[in-house]
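# Need the 3D shape of this:
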Amino acid sequence: MAWASQFESPATDYQSVTLCLDDLLIESKTTIQLHYAQGNDLEARGIHDGDLLIVDIAADAQHNDIQVGW
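Purely as a prediction, here's the structure:
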């Protein structure tokens, strides 16, 4: 026996939003490389061993930027 309610679910007020991290984090998909951080030297800057780094190899370095070498 099916149960029916005359009240709508509160979830019907919310719409599903599609979120694309590529669009939010990557400006130029042709100059992006992904690397994993190794070591703990940058923990004070919020980068920990094993973190996935999104590196734009064509970006011009700015003051206080973190530069990645490999």
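
# What score does the one residue sitting closest to the centre of the chain have for pLDDT?
Closest to where the C-alpha atoms of the chain average out (C-alpha atoms, centre = their mean) is Leu21, at 5.4 Å. Reported pLDDT at Leu21 in the predicted model: 86.

# From Arg45, how far out is it?
With distances taken as C-beta to C-beta, to the nearest Å, Leu21 is found 21 Å from Arg45. Glycine gets a C-beta too; all of them are placed from N, C-alpha and C.

# do the same with Val55
For Val55 relative to Arg45 (C-beta to C-beta), the value is 15 Å.

# More neighbours: which of the two?
Higher neighbour count among Val55 and Arg45: Val55, with 14 against 9, using other C-beta atoms under 10 Å.

# That one belongs to a helix, doesn't it?
No. Judged by DSSP: H, G, I helix; E, B strand; the rest coil, Val55 forms no part of a helix; its state is strand.
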